[in-house]
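Engineer: Sequence first, predicted model second:
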Amino acid sequence: MKKTLAVFAILSVLTCSVPVSASDALSNSVYSETSALMATKAEQNPLLYKDLFVTLVYPQVEKAIDAYYDDYMSYLPGEDPWSYEILNIEKSQGFSYSYIVQLQVQPYVGPHIRVGRDRITLRLSLTGAELVKFEHLESYALPPDYSGMLRSKLPDT
C-alpha cells in the first residue's frame, strides 16, 4: 500500500511538471511568468493603452490645473485620471514621435464636487509632455460649505 501511494505521488509530480506542448514550456519559463506579472496583453485589456497614456501625462495635467485654479482657490482641486476624456490626438508631420493631444478634465474638491470643466492641450514627444494650452470651459457653483475655499469667483464661461 505504501509503495503504491509513493509511486502515485511521484507520477503525479512528474505529470504536473512536464509541459504538454512547446507553448506550454514557454509559458512556464521564468521570463513569461515575470512578463505576465509586469504587463497585460492589449488584446486582453483594451483600456491598457489609455491607462498607460494617462499615467504618462498625469503630472503635466495636474500642474496645469494647479496653475489655473491657484488664482481662484485656496484649496487646489484634484482630478480623476480615470475620467480623462481624450478628445483628439494628432501626429506631427513626417517621421517623428511628436503628438498634439487634447484632453477634457473635470477637477473636483471634497467628495468629488466638480468645480469646472477644462480642455488641456499637450505636446508629447520623446522628451516628455509639455503644456500647449489650457482652456477653462465651464465653472460649476460650489455648495455653501465649500465656498470658503474660493479666493475669487471662478470665471463664467
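Structural biologist: Happy to help now that I have it.

Engineer: which residues sit against the top strand by length along the chain?
Structural biologist: In the chain, assigned by DSSP state E, the strand with the most residues is strand 128-139. Strand 128-139 has contacts (CB atoms under 8 Å, 6 or more residues apart in numbering) with 56-57, 59-60, 63-64, 67-68, 100, 104, 115-124, 154-157. All C-beta atoms are positioned from the backbone trio N, CA, C, and that covers glycine.

Engineer: Run through the strands of the protein in chain order.
Structural biologist: Going by DSSP E, the chain shows strands at 85-91, 99-105, 108-109, 113-114, 116-125, 128-139.

Engineer: then the last one to CSV, C-alphas only?
Structural biologist: So the one you mean is strand 128-139. Taking C-alpha atoms only, strand 128-139 is exported to CSV below (Å, rounded to 0.1, in the frame of the first residue of the first chain):
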residue,chain,number,x,y,z
GLY,A,128,8.1,64.3,-22.3
ALA,A,129,4.8,66.2,-22.2
GLU,A,130,4.6,70.0,-22.5
LEU,A,131,1.5,72.1,-21.9
VAL,A,132,0.5,74.0,-25.1
LYS,A,133,-2.9,75.4,-24.0
PHE,A,134,-5.3,75.4,-21.0
GLU,A,135,-8.9,76.4,-21.6
HIS,A,136,-11.4,76.7,-18.8
LEU,A,137,-14.7,75.8,-20.5
GLU,A,138,-17.2,75.9,-17.7
SER,A,139,-17.4,76.8,-14.0
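
Engineer: relative to strand 116-125, how tilted is that strand?
Structural biologist: 160 degrees (axes from the mean of the first three to the mean of the last three CA atoms, to 10 degrees).

Engineer: Go through strand 128-139 and flag the buried ones.
Structural biologist: A129, F134, H136, S139 (16 or more other CB atoms under 10 Å).
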